[in-house]
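> mind looking at a prediction? Sequence and model below.
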Amino acid sequence: MGQPHQTLGEYIIENQKAFRYSSGELSRLISSIKLAAKVVNHEVNKAGLVDILGAHGETNVQGEDQQKLDVYANEVFIDTLINREIVCGIASEEEDEFITVKGHNGNHDNKYVVLMDPLDGSSNIDVNVSVGTIFSVYRRITPEGQPVELKDFLQPGNKQVAAGYIIYGTSTMLVYTTGHGVNGFTLNPAIGTYYLSHPDMKFPKTGKIYSMNEGNYVHFPKGVKNYIKYCQEEEGDRPYTSRYIGSLVSDIHRNMIKGGIYIYPKSSKVANGKLRLLYECNPMAFIVEQAGGKASDGYQRILDIEPTELHQRVPFFCGSKKMVEKAEEFMKSSV
């Protein structure tokens, strides 16, 4: 456990021995993500002052319009990870295929692969709403010394060794876990240092906030519609409050602090939901569970899903444990 006002660098060094693969690479990997996040944060904070807003003019592999900051953040994180020679492979929401990375002297000896959403919620940049970065770290399963393969990335979320997010908001925070709880570090922009501001973050067991895009109500499955009605009923501690930012990092960060549930279900518009299992749901589920919450697709644990493709989508229910369990009850009773 860290101490308040401890720097992220100090925390990483102090807690490195608690990590079962304590060889230094993971600590260096987190440090490189920290550095890239500072670069992206600087650019995000210039939005409106330089030509970084708006569409890039291209679409990503999911057919979504790329924002200029999507492309910029993607390049910054990839370049930083490659230049530090820490990872053997990278997969990004913005890239069609995974990237094979050579280590020192052109070999393939590095142990970790990183999967990331470089700038979640980037469509909100134009209106000055919080956005974020999501990352996930796995140990490779192919033998060291050979190039990574697709199976190194298609591991279930329960094999993650680290995951985290950076939220670029009224303050910039890096929140991450290596399987020993969740800690949040706030950036002091005056000196460029992250300080431990939110030690041992925990989801309240229940809450009064539900977060989903109710504009899609008519397209939702019956179980989700029934859960929304439950949230709106005047009974006990209900009705709950509806709060939806449309930036996954921001919505989950708020609900972890205040207590709540986030839902992006499948619907008649998106048969498998919109969120990506590998870049968004798995890392967030790891963080949520480490903070005492729960994450599922409405029926099963997210972290136990066996991925079949790099850009796979799944429905996503996560947040305060009792709220997610209640939503699952509605889903299972409405099959």
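Looks like it arrived, so ask away.
> spit out the contact partners of the spatially closest residue to Arg28 that is not a sequence neighbour.
Nearest non-adjacent residue to Arg28, counting by CB to CB, 6 or more residues apart in numbering: Ile86, 5.2 Å away. Placement of C-beta: from N, CA and C, glycine included. Applying CB atoms under 8 Å, 6 or more residues apart in numbering, one finds that Ile86 lies in contact with Glu25, Arg28, Leu29, Ser32, Asn110, Tyr112.
> nearest to Thr206, of the residues you listed?
Comparing the contacts of Ile86 against Thr206 with CB to CB places Leu29 closest, at 35.0 Å.
> check which helix or strand that closest one maps to.
Using DSSP states H and E, Leu29 maps to helix 25-44.
> go through that helix and flag the buried ones.
For helix 25-44, the neighbour count (16 or more other CB atoms under 10 Å) marks 25-38, 40-41, 43-44 as buried.
> which stretches in the stretch 101-250 of the chain count as helices?
150-153, 222-232, 248-258 (DSSP state H, counting those that start in this stretch).
> need those helices in JSON lines with mean neighbour count, can you?
Output for the helices of the stretch 101-250 of the chain, formatted as JSON lines (neighbours: other CB atoms under 10 Å):
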{"stretch": "helix 150-153", "mean neighbour count": "17"}
{"stretch": "helix 222-232", "mean neighbour count": "18"}
{"stretch": "helix 248-258", "mean neighbour count": "23"}
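> of those, which is nearest Ala73?
helix 248-258 (12.6 Å).
> what's the helix or strand following the closest one packed up against?
Along the chain past helix 248-258, the next helix or strand (assigned with DSSP H and E) turns out to be strand 260-264. Using 3 or more CB pairs under 8 Å, 6 or more residues apart in numbering; DSSP states H and E, the elements in contact with strand 260-264 are strand 209-211, helix 248-258, strand 316-319, helix 321-333.
> between these, which one is nearest to Lys269?
strand 316-319 (15.3 Å).
> and the helices and strands packed on strand 260-264: which comes nearest Gly106?
Nearest of those (CB to CB): helix 248-258, 35.9 Å.
> could you break the chain into its assigned domains?
8-198, 209-333 (automatic domain parsing).
> now tabulate the ones you listed in JSON lines and tack on mean pLDDT.
Formatted as JSON lines, the domains of the chain follow (pLDDT from 0 to 100):
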{"stretch": "domain 8-198", "mean pLDDT": "86"}
{"stretch": "domain 209-333", "mean pLDDT": "97"}
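> please name the bridge partners of the residue nearest to the spatial centre of the chain.
By CA atoms, centre = their mean, the mean C-alpha position of the chain lies nearest to Ile134, the distance being 3.5 Å. For Ile134, the beta-bridge partners under DSSP bridges are Asp117, Tyr165.
> again, but for Asn183
Going by DSSP bridges, Asn183 forms beta bridges with Tyr176.
> isn't it up against Tyr11?
Yes - with contact defined as CB atoms under 8 Å, Asn183 reaches Tyr11; the gap is 7.0 Å.
> looking at the two, which is more packed in?
Neighbours per residue, other CB atoms under 10 Å: of Asn183 and Tyr11, the larger number sits with Asn183, 25 against 21.
> how close does the more buried one sit to His198?
To His198, Asn183 is 7 Å away according to CB to CB, to the nearest Å.
> so what sits against both of these two?
Val175.
> ok, Arg238 - contacts?
Lys208, Tyr230, Cys231, Gln232.
> list just the nearest of these to Glu289.
Lys208 (21.5 Å).
> just give me the neighbour total for the closest residue to the closest one other than its chain neighbours.
Excluding the flanking residues, the one nearest Lys208 by CB to CB, 6+ apart is Tyr240, at 4.9 Å. Residues contacting Tyr240 under the criterion other CB under 10 Å number 20.
> can you give me phi and psi for Tyr240?
phi -80, psi 170 (degrees, to the nearest 10).
> list the contacts for it?
Taking CB under 8 Å, 6+ apart, one finds Gly207, Lys208, Ile209, Tyr210, Cys231, Gln232, Gly260 in contact with Tyr240.
> quick one, phi psi at the second one?
In this case it means Lys208. According to degrees, to the nearest 10, Lys208 has phi -130, psi 20.
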